[in-house]
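Q: pasting a predicted model and its sequence here:
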Amino acid sequence: MADGTSVPVGVMQASRPAAARRSSMRRFAGRRSTMGFLLALPLILLVAGFVIYPAFYAIYLSMLNKKMTSFVGLGNFAFLLKRNTFQLVIFQSCLFAITAVVMKALLGFILAHLMHNIPGKNQRIWRGLLLVPWVIPLALSTLTWWWMFDPSYSAFNWILNQFGFANVPWLGVGWIARFCTIAVNVWYGTPFFMIMYLAALKSVPEQLYEAAAIDGANAVQKLFFVTLPMMRNIIAITVLFSLITTFADFDIVRILTAGGPQDMTHVFATYAFQVGIQSGDIPLGASVSLFMFPILAIAAFFVLRGVTRRTKEIAT
Amino acid sequence: MSATTMDATKRAAAHKHKHSLHRQRQWALWGSYIALGVFVIMFLVPPFYTLMTSLKSSAEISAQSGSPWIVHHPTLENFWYLITYPNFQTYYLNSVMVTVVTVVVSMVISVMAAFSLARMGFWGSQVLATGVFLTYLVPASLLFIPLFQIVGALGLINNVWALVLLYPTLAVPFCTWIMIGYFSSIPKELDEAALIDGAGYVQILLRIFIPVAMPGIIAATIFAFTVSWGAFLYPLAYLYTSNQMVLTVGIISDLIRGDVFQWGKIMAACLLASMPPIIIYAFLMDYYVAGLTAGATKG
């Protein structure tokens, strides 16, 4: 991986006096690292200017009052935690992220296995079809979902009616609306899990399964003692990674319900948008989105640990 | 199965065993196909419904009679309306412009940075490589409020160029990460040989690294494209007049007026707006999937 320290030296080792060689080496290394720094400079500036600075600025903003004239310390956070709506937001964000990620991981795992079963030459077309939800921009496909959940002419209700069931108010009742937002997220995110798991499945050596078969392992035992241990790392990284993106999801809830009915589908991102941009209370909005930070930081820590461990395994 | 093989003669048993295994495998195969078929149908319901609705006239939609899943009188009037609708043209052009600039800027920044981080160590480059990955994990929804202030201070609120400034922050970290992976897999002997031949670093990057790591570059480019074509939060937060909007927000704010939903046109617009990603993925999916999974499985 980013093995920046190893230097392709071979060049400068011509037959020269040792001292001269060392000084020219040093100049060479100096020039080389300067060059390296310059090449990375746009990245550093971009990240510093539009990620790190805004992150600290958010902390500063969150400690101001609504008009941004006086410093209120942690007042905004205390205010939010006491509000009923915000407690709902915390609950719903966790419900949304955890349920959706578990469903995506399970369905993705099943799909990856099904794909792994069929011959390789057919996999490409099936994979292409299954990746469609993930290819369409989420904001656009969510519009279609909205239209399918439409209260007056829902395509799903039409099917239910054909089987003699009554209309379901898809986005009009709290728990059903929560279910709908989660369902759309699962629909969108499952293909990503599938391709990650499929890649992981393909990397498990066939000999392990043969050895297990000789030892008399059945399918379930193969799954639990060969497949899952071999895939553990990728499963962990994919799940944590998806947890971060799902937790921070904005598009689905914003388009489908805009937080309603009665704030029962708001998640952190949509609530921060409503408070900060729509109602114009920038400091309070900043505090809302900062509540995501601890959870994201924990997930990021584990992702990073997984990634570096994996890298070390490959390096050694 | 094992019981039957035990008491029969050896050859017959082997034959039977093989036969039943074969049959089992055949069943598993057909089962897989059927299950996959069910999943494909479920996954393709929304795109199918988008297509069906886009082919309906407004009258047919508002009549609300019969099955909503099929078109009774297909018409292209929605598409024709959109193609000749100046606002929609503006959104499309804005989207194309923002995406092209974002992709170019992001790729230049991340290829240079990845080359530097993969090959030219400097003080703190290891930390930077890790930091880049961490940056990728910072979601847009955490930063959009302070960025609203920053964009405002720069005088770019309701200016489509604000997106050109901000989208690279979404694309560059992961593109750099993918490129570091691809660049690191290039054998060091290659650039050593080039150095001996008197090539400079710029030449090594342009003549060796970029051509050799082309699959990675394609994967990273598709990622940057996907991110900037589909981004929704930033344009929704920072743009509010139709001459500055991009497709994702333009469709919603323009074709939904109060309680009037022109669903036929909305769906047609979604279809037209989804075309570029679908076409790109249809041709380059393999590169993208390889880039993504390599990024995850190799770090």
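A: That came in fine, so what should we check first?

Q: quick check: residue A:279 vs residue B:283, distance?
A: 45 Å (C-beta to C-beta, to the nearest Å). Every C-beta, even on glycine, is put in place using the N, C-alpha and C of the backbone.

Q: also residue B:99?
A: Per C-beta to C-beta, residue B:99 is found 17 Å from residue B:283.

Q: residue A:181 too?
A: Separation of residue A:181 from residue B:283 (C-beta to C-beta) stands at 33 Å.

Q: about what we covered before: so residue A:279 and residue B:283 - more neighbours on which side?
A: More neighbours surround residue A:279 than the other of residue A:279 and residue B:283, with 12 against 8 (other C-beta atoms under 10 Å in any protein chain shown).

Q: per-residue pLDDT, that one?
A: Looking at residue A:279, its pLDDT reads 89.

Q: could you do residue B:282 as well?
A: Residue B:282 carries a pLDDT value of 88.

Q: can you pull the contacts of it?
A: By C-beta atoms under 8 Å, 6 or more residues apart in numbering or on different chains, the contact list for residue B:282 reads residue A:128.

Q: swap in 10 Å and give it another go.
A: Counting by C-beta atoms under 10 Å, 6 or more residues apart in numbering or on different chains, residue B:282 makes contact with A:128, A:135.

Q: can you give me the distance of it to residue A:58?
A: Counting by C-beta to C-beta, the gap from residue B:282 to residue A:58 is 40 Å.

Q: neighbours of the closest residue to residue A:88 other than its chain neighbours, how many?
A: In space, and not counting its chain neighbours, residue A:88 is closest to residue A:263: 5.8 Å by C-beta to C-beta, 6 or more residues apart in numbering or on different chains. Residue A:263: 18 surrounding residues under other C-beta under 10 Å.

Q: what does the one 10 residues further on give?
A: When neighbours are counted by other C-beta under 10 Å, residue A:273 registers 26.

Q: got a pLDDT number for it?
A: 92.

Q: what secondary structure does it sit in?
A: Recorded secondary structure, residue A:273: helix (DSSP: H, G, I helix; E, B strand; the rest coil).

Q: can you verify my assumption that it contacts residue B:236?
A: Yes: the pair residue A:273 / residue B:236 is scored as a contact, 7.7 Å apart, by C-beta atoms under 10 Å.

Q: quick one: the strands in chain A?
A: In chain A, no segments count as strands under DSSP state E.

Q: can you check the stretch 51-200 of chain B too?
A: With DSSP state E, counting those that start in this stretch, there are no strands along the stretch 51-200 of chain B.

Q: now do the contacts for residue 172.
A: Looking at chain A here, since you left the chain open. A:149, A:151, A:257, A:260, A:261.

Q: wrong chain, I was asking about chain B
A: Going by C-beta under 10 Å, 6+ apart, residue B:172 touches A:42-43, A:46-47, A:50-51, B:102, B:105-110, B:113-114, B:132, B:135-136, B:220, B:224, B:227.

Q: if you set the cut-off to 6 Å instead, what comes out?
A: Residue B:172 makes contacts with A:46, B:106, B:109, B:110, as judged by C-beta atoms under 6 Å, 6 or more residues apart in numbering or on different chains.

Q: which non-adjacent residue is nearest residue A:55?
A: In space, residue A:55 is closest to residue B:143, 6.6 Å off (C-beta to C-beta, 6+ apart).

Q: neighbours of that neighbour, how many?
A: By other C-beta under 10 Å, the residues close to residue B:143 number 26.

Q: please apply the same query to residue B:187.
A: Residues lying near residue B:187 (other C-beta under 10 Å) number 9.

Q: residue A:305 now?
A: 13.

Q: cool, and the one 4 residues further on?
A: Close neighbours of residue A:309, defined as other C-beta under 10 Å, add up to 14.

Q: for it, report the pLDDT, please.
A: So, for residue A:309, pLDDT stands at 70.

Q: could you measure from it over to chain B?
A: The gap separating residue A:309 from chain B is 9 Å, by C-beta to the nearest C-beta, to the nearest Å.

Q: quick one: distance of the lengthiest helix in chain A to the chain centre.
A: Identified as the longest helix of chain A according to DSSP state H is helix A:84-117. Distance of helix A:84-117 from its chain centroid, counting by C-alpha atoms, centre = their mean, to the nearest Å, is 11 Å.

Q: same for it, what does it pack against?
A: Contacts defined by 3 or more C-beta pairs under 6 Å, 6 or more residues apart in numbering or on different chains; DSSP states H and E place helix A:84-117 against helix A:174-203, helix A:228-247, helix B:10-54.

Q: could you check the angle helix A:84-117 makes with the longest one?
A: What it means is helix B:10-54. Between the axis of helix B:10-54 and that of helix A:84-117 there is an angle of 130 degrees, by axes from the mean of the first three to the mean of the last three C-alpha atoms, to 10 degrees.

Q: equivalent analysis for the second one, please.
A: Using the same axes, to 10 degrees, one finds that helix A:228-247 and helix A:84-117 are set 140 degrees apart in direction.

Q: outside of helix A:228-247, which residues touch it?
A: Contacts of helix A:228-247 (C-beta under 6 Å, 6+ apart): A:97, A:100-101, A:105, A:196, A:200, A:204, A:296, A:299, A:302-303, A:306, A:310, B:137, B:296.

Q: let's see that with 8 Å instead.
A: Counting by C-beta under 8 Å, 6+ apart, A:93, A:96-98, A:100-101, A:104-105, A:108-109, A:185, A:189, A:192-193, A:196-197, A:199-201, A:203-204, A:208, A:267-268, A:292, A:295-296, A:299-300, A:302-303, A:306-307, A:309-310, B:137, B:139, B:296-297 sit against helix A:228-247.

Q: just the buried ones from the residues you listed, in PyMOL syntax?
A: Applying 16 or more other C-beta atoms under 10 Å in any protein chain shown to those leaves a buried subset, and the PyMOL line that selects it is:
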select buried, (chain A and resi 93+96+97+100+101+104+105+108+109+185+189+192+193+196+197+199+200+201+267+268+292+295+296+299+300+303+306+307+310) or (chain B and resi 137+139+296+297)
